[in-house]
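**Q** Here is my input, please return the structure:
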Amino acid sequence: MNATLHTFANRQDAGRQLAELLTRFSGVKDLTILALPRGGVPVAAEIAKSLDRPFDVLIVRKLGVPGHEEVAMGAIASGGVRVLSDDMISMLRLSRAQVDMIIEKETLELERREKIYRGKRPVPAVSGRTVIVVDDGIATGSTMSAAIELLRHQQAKRIIVAVPVAPAETVARLREEADEVLTVLEPELFVSVGKWYQDFSQTTDEEVRALIEVSYPEKAMAKAAPPLTGKSVLHRVREFAQPLTGADEDYDGLLEMIGDSSVVLLGEASHGTHEFYRQRAEITKRLIVEKGFNVVAAEADWPDAYRINRYVRGASNDIDSVEALAGFDRFPAWMWRNADVLDFVGWLRDHNDHVYSLEHQVGFYGLDLYSLHKSMDEVISYLEKRDPEEAAKARALYGCMARYGKDPQNYGLMVGSGVGDGCRSEVIQQLTDLRAKEVEYLARNGAAAADEFFFAEQNARLVKNAEEYYRKMFRSDVSCWNLRDEHMTETLVELVAHQQSQQGTAKVVVWAHNSHLGDARATQMGQRGELNIGQLCRAAFPEQCKLIGFTTYAGTVTAAGGWHLPAERKDVRPALEGSYEHLFHQVGIPNFWLDLTQDTPAVEALKDARLERAIGVVYLPETERRSHYFEARLAKQFDAVLHFDQTRAVEPLEKTSVWSVDEAPETYPVGL
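**A** As a prediction, this is how the structure comes out:
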């Protein structure tokens, strides 16, 4: 490409050339054009002129990780919008003081630019609208990524990134984050944005003000018809709520609703609530006994869960359920090493001991991908017993990952930052080599070895996917979340196929968090491009899966105050007003379930978006609204929901010094 034929005279010229690519948006009624100041403003002014639309500025400040400022841990923007990656902050063990210092610094600059560029004009509306976000060029794309994330957070309907010039690899990444990316130039040898302009002199604050003073943001879209009043919604929900009293027949209606479905997803609103674990287990027992379900698949690491699988099938040396759960030794151990899981594993072993054939036993499996190093060890161990030469090859291939140490986050941070070479080809090669030996290994060891080969193969596939997961984990987009849920769904599909080949039928119960099991398309997650197991299962098993969520209003929960910190027995604040949990509290029935598959007034009342709470392994009550709530449309998210108004913390098998069974829950005023 001849660079001299593709340079821009100045930003105005770049804006005019870029506008030619955007003419198809001239008829879009809900269009908002936003510029990243300062350089993006003169470019956006030309686009706005061409489309005969006003434009405004999107003032965004990326929050960089200390020492790795190119990696974003969040962003802040106009209108008081703040988005933080709590998982990244916890994993990097950043202190609250470190985070607050960066926020304070960037807030001062944001306020300065607000005062200069916006004055008293309101922040432009983006919710439900098509947004074109413009800059004069992109190098690394980190600031544009932050802008996209914020627009997703503000529920923009569609995000179009429009820039005159950017390197091809950056554009490819941004296309995973935005709905569309349009450029005039994507040069192979990029160097810098300024290289492609004849005049790249700095745009001044005065020029920015002059350009936007003649353009005013569009009025916000007319408000939608008012939703049902709280009283009418409450009345409808109360009318159709089916009480849960502890009676044997409590779940008769739920099992009737499940019908002949072969994949049932049972959620949880936290990873540390006793009632969620206990009632999920009770429903699972009935599905096993009354409907012939033969697989339990959990949001747990594959090798650790497979140890339980061997135990409940009577095929391990573990002497009891406690020992079988010993594999769950990494944070958060209490998620599976707790009293309720212990009881269920004991029940499952007893059930399997009394079925009339091995083909009728029920298996327990994990879906997650965090066990990178343990899974590598399991692959090598499998090969050492059958093919020492192949084991040596595997050890050499996996040595690429081993040189980064035992913490896979080190691999992700170094390789993701370009410091080290990735191990993608090595882990793919090992999976390919293992699969090439399948027929030989099964013939050599007999048909009974099919389960063990399946276990090893899934470990090798996990290593391949985990490598990509950790390599992408420090990016500010949704690809890391999506990769993990795609892996879990793929594992589920593989389990179904394996079970069908071995036993002739497969009926699976899935245990995972609501955020993984409720259809993402009905949530704020989906609006920002995230998908999940629930959404993917509805596509993979149409008419055969049921998604069931759990909620609570208040009580206690087992959770940590940060990543890798000890488990605590924390008070769960009463649910926020305007949330589903608060609405269900007002119903006045302590525990109940709702069938969301029927066309009832209650289902119609729950179609409007409300807040929904999600507590993971970390609970931060002091920032609860920002950290633990998202918007959802419950009637489309789940096929049924179970509400337990007052709940208590799940009991870890090993209680830390800060976990106390005697601690009385703090009381809060209703609605706090």
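**Q** low pLDDT regions in the stretch 301-450 of the chain?
**A** Counting by pLDDT under 70, the stretch 301-450 of the chain contains low-confidence ranges at 444-448.
**Q** try it again with 80
**A** Flagging of the stretch 301-450 of the chain using pLDDT under 80 yields the residue ranges 416-421, 443-449.
**Q** Quick one: the helices in it, in order.
**A** Listed in chain order, the helices of the stretch 301-450 of the chain (DSSP state H, counting those that start in this stretch) span residues 302-312, 321-324, 339-354, 372-386, 388-402, 408-416, 424-436, 438-445, 450-472.
**Q** Looking at these, which is nearest to residue 67?
**A** The closest approach between residue 67 and any of the helices of the stretch 301-450 of the chain, judged by Cβ to Cβ, belongs to helix 408-416 at 10.2 Å. C-beta here means a position set from N, CA and C on the backbone, and glycine is covered the same way.
**Q** Now the closest one: buried residues?
**A** Along helix 408-416, these residues count as buried under the neighbour rule (16 or more other Cβ atoms under 10 Å): 408, 409, 411, 412, 413, 414, 415, 416.
**Q** same check, this time on stretch 378-386
**A** When neighbours are counted by 16+ other Cβ under 10 Å, the buried residues of stretch 378-386 are found to be 378, 379, 380, 382, 383, 386.
**Q** Now residue 390. Nearest residue, chain neighbours left out?
**A** For residue 390, the nearest residue in space outside its immediate sequence neighbours is residue 383; the separation is 4.8 Å by Cβ to Cβ, 6 or more residues apart in numbering.
**Q** From residue 457, how far out is that neighbour?
**A** Between residue 383 and residue 457 the distance, using Cβ to Cβ, to the nearest Å, works out to 12 Å.
**Q** and if you look at residue 366?
**A** Residue 366 sits 14 Å away from residue 457, taking Cβ to Cβ as the criterion.
**Q** So which of those two has more stuff around it?
**A** Per other Cβ atoms under 10 Å, whichever of residue 366 and residue 457 has more neighbours is residue 366, with 27 against 18.
**Q** just checking, that one touches residue 302?
**A** Yes - with contact defined as Cβ atoms under 8 Å, residue 366 and residue 302 form a contacting pair (4.4 Å).
**Q** list the contacts for the residue nearest to residue 390?
**A** If you count contacts by Cβ atoms under 8 Å, 6 or more residues apart in numbering, residue 383 has them with 390, 391, 394, 434, 456.
**Q** Filter the residues you listed down to the buried ones, PyMOL style.
**A** Below is the selection syntax for PyMOL that covers the buried ones among the contacts of residue 383, with 16+ other Cβ under 10 Å defining burial:
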select buried, resi 390+391+394+434+456
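**Q** what's the neighbour count on residue 388?
**A** A total of 10 residues lie near residue 388 under the criterion other Cβ under 10 Å.
**Q** With distance to residue 73 as extra columns, can I get the helices of the stretch 301-450 of the chain in TSV?
**A** Below are the helices of the stretch 301-450 of the chain laid out as TSV (distance: least, Cβ to Cβ, whole Å):
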stretch	distance to residue 73
helix 302-312	29
helix 321-324	38
helix 339-354	33
helix 372-386	23
helix 388-402	25
helix 408-416	12
helix 424-436	25
helix 438-445	43
helix 450-472	15
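**Q** where in the stretch 51-200 of the chain is pLDDT low?
**A** For the stretch 51-200 of the chain, residues meeting the criterion pLDDT under 80 lie at 61-62, 64-94, 96, 109-110, 113-125, 140-143, 146, 149-150, 153-154, 191.
**Q** ok, which stretches of it are helices?
**A** Under the criterion DSSP H, counting those that start in this stretch, helices of the stretch 51-200 of the chain are mapped to 86-91, 96-117, 142-153, 168-177.
**Q** Now the second one: buried residues?
**A** Looking back up the chat, that one is helix 96-117. Per 16+ other Cβ under 10 Å, helix 96-117 contains these buried residues: 99, 102, 103, 106, 107, 110, 113, 114, 116, 117.
**Q** okay, residue 1: pLDDT?
**A** According to the predicted model, the pLDDT of residue 1 comes to 36.
**Q** again, but for residue 217
**A** Taken from the predicted model, the pLDDT recorded for residue 217 is 38.
**Q** Repeat that for residue 210.
**A** 83.
**Q** In three-state terms, label it for me.
**A** Per DSSP: H, G, I helix; E, B strand; the rest coil, the local secondary structure of residue 210 is helix.
**Q** Skipping its backbone neighbours, what lies nearest the most centrally placed residue in the chain in space?
**A** Nearest residue to the geometric centre of the chain (Cα atoms, centre = their mean): residue 481, 4.3 Å. The spatial neighbour of residue 481 that comes closest, neighbours along the chain excluded (Cβ to Cβ, 6+ apart), is residue 530 at 5.3 Å.
**Q** Residue 411 now?
**A** Counting by Cβ to Cβ, 6+ apart, the nearest residue to residue 411 once its immediate chain neighbours are dropped is residue 404, at 4.1 Å.
**Q** My guess is that neighbour contacts residue 413. True?
**A** No - because the distance of 9.3 Å does not satisfy Cβ under 8 Å, residue 404 is recorded as not touching residue 413.
**Q** Spit out the residues that contact residue 383 and residue 457 alike.
**A** Residues within reach of residue 383 and of residue 457 at once, by Cβ under 8 Å, 6+ apart, are residue 434.
**Q** contacting residues around residue 427?
**A** Shown here is residue 427, whose contacts under the criterion Cβ under 8 Å, 6+ apart are 397, 398, 400, 401, 460, 463, 464, 467.
**Q** Most neighbours out of those residues, which is it?
**A** Neighbour counts for the contacts of residue 427, by other Cβ under 10 Å, peak at residue 463, which reaches 28 neighbours.
**Q** Quick check: that one vs residue 650, distance?
**A** As defined by Cβ to Cβ, residue 463 lies at a distance of 30 Å from residue 650.
**Q** what does residue 423 give?
**A** With the distance defined as Cβ to Cβ, residue 423 ends up 37 Å from residue 650.
**Q** Looking at the two now, which is surrounded by more residues?
**A** Regarding residue 423 and residue 650, a neighbour count based on other Cβ under 10 Å identifies residue 650 as having more, with 27 against 24.
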